[in-house]
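Novice: coordinates only, sequence not included:
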């Protein structure tokens, strides 16, 4: 479990993380989302003691990271896959890490196999592709068989097979009761992987909760309805507080009313329905809505497109 209370980090006059509090529970995959410069990496670095908070606290499994006698067995982290001596082999790097924590050599062999590095374990890391470097970073995070995993952009540079592997791995680790906290800019992948989301912007938490709850709160569900008796149904829905708009093909879109309520209204008045479909926005659409005022580095085309969509 990761717990933060009023966690703050300032660099001179700039506040990178602004008094945030959150709990990342075990047994779930929690996705950490936010624009570039939002404070995600700084938050992760404070969790593992690489940056000292200006104020506030953050603990992992009930202790500050530095208080754990064997940190690798408690917390596995991938924050910078390039932070490896380029002249060493993957196996040598992992064996050196293992030796510092009394981790047996057989565990090195296990994580090499687990991460698909067996064929290149004897090669120098300096010659690794971006994807293979990511696999080595994940192997390092798994080395101590930790209860908590913190992974910053773990699928960066991976091919589709590697992305799918990371998804299955993180889901499996959570199913074993571990705490999994990961960031990614791939919204479609996060939607398939995460149970919970923590969204940050300009150093502050924008929202948190279950994935679908976050999407629905940001965009609202729309119900698509088709009925040969639309002229009778639409006034009934509007009188109950719903917003109804044409949706093409003889259908109409209903906002501010659940599909169950629409169906019950139609049934009470003997109205035939040909379609009753709940349409939900994607995580990407919800993310763009949530962070549109928290983007520090905005391209002009993206800004114009969002303005046009309003």
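Specialist: That came in fine, so what should we check first? Everything quoted here is computed from the prediction, not taken from an experiment.
Novice: Write down the beta-bridge partners of residue 151, one by one.
Specialist: residue 78, residue 182 (DSSP bridges).
Novice: need the contact list for it.
Specialist: Neighbouring residues of residue 151 by C-beta atoms under 8 Å, 6 or more residues apart in numbering: 77, 78, 138, 141, 170, 180, 181, 182, 183. Where you see a C-beta, it was placed from the backbone N, CA and C, and this is true even at glycine.
Novice: make it 7 Å
Specialist: 78, 141, 182 (C-beta atoms under 7 Å, 6 or more residues apart in numbering).
Novice: Skipping its backbone neighbours, what lies nearest residue 72 in space?
Specialist: residue 144 (3.3 Å; C-beta to C-beta, 6 or more residues apart in numbering).
Novice: Span of stretch 223-242 from start to end?
Specialist: Distance between the two ends of stretch 223-242: 11 Å, counting by C-alpha to C-alpha, to the nearest Å.
Novice: Equivalent analysis for stretch 174-194, please.
Specialist: Termini of stretch 174-194 sit 10 Å apart (C-alpha to C-alpha).
Novice: Please compute how far that stretch lies from its chain's middle.
Specialist: 5 Å (C-alpha atoms, centre = their mean, to the nearest Å).
Novice: Ok, stretch 64-77 next?
Specialist: For stretch 64-77, the distance to the chain centre is 22 Å (C-alpha atoms, centre = their mean).
Novice: just to revisit the earlier point, reformat the contacts of residue 151 as JSON lines; add neighbour count, distance to residue 49 and pLDDT.
Specialist: Listed next are the contacts of residue 151 as JSON lines, based on neighbours: other C-beta atoms under 10 Å; distance: C-beta to C-beta, whole Å; pLDDT from 0 to 100:
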{"residue": "78", "neighbour count": "23", "distance to residue 49": "15", "pLDDT": "94"}
{"residue": "141", "neighbour count": "23", "distance to residue 49": "15", "pLDDT": "96"}
{"residue": "182", "neighbour count": "23", "distance to residue 49": "19", "pLDDT": "95"}
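Novice: Go through those residues and say which is closest to residue 213.
Specialist: Closest to residue 213 out of those is residue 182 (18.9 Å), distances taken as C-beta to C-beta.
Novice: what's the distance between that closest one and residue 256?
Specialist: According to C-beta to C-beta, to the nearest Å, residue 182 and residue 256 sit 34 Å apart.
Novice: just residue 6 next, same as before
Specialist: 36 Å.
Novice: How far does the host helix or strand of residue 278 sit from its chain's centre?
Specialist: Using DSSP states H and E, residue 278 sits within strand 275-279. Mean-position distance between strand 275-279 and its chain equals 28 Å (C-alpha atoms, centre = their mean).
Novice: Which other helices and strands does the following helix or strand past that strand contact?
Specialist: Of the helices and strands lying after strand 275-279 in sequence (DSSP H and E), the nearest is helix 283-291. Under the contact criterion of 3 or more C-beta pairs under 7 Å, 6 or more residues apart in numbering; DSSP states H and E, helix 283-291 touches helix 187-193, strand 204-210, helix 211-219.
Novice: and the ones you listed as TSV, adding mean pLDDT and mean neighbour count?
Specialist: Listed next are those as TSV, based on pLDDT from 0 to 100; neighbours: other C-beta atoms under 10 Å:
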stretch	mean pLDDT	mean neighbour count
helix 187-193	92	18
strand 204-210	96	16
helix 211-219	89	18
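Novice: Could you save those as CSV and add columns showing distance to residue 121?
Specialist: As requested, the helices and strands packed on helix 283-291 are exported to CSV (distance: least, C-beta to C-beta, whole Å):
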stretch, distance to residue 121
helix 187-193, 27
strand 204-210, 39
helix 211-219, 36
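Novice: Quick one, which of the ones you listed gets closest to residue 30.
Specialist: Going by C-beta to C-beta, the one of these nearest residue 30 is strand 204-210, 8.8 Å.
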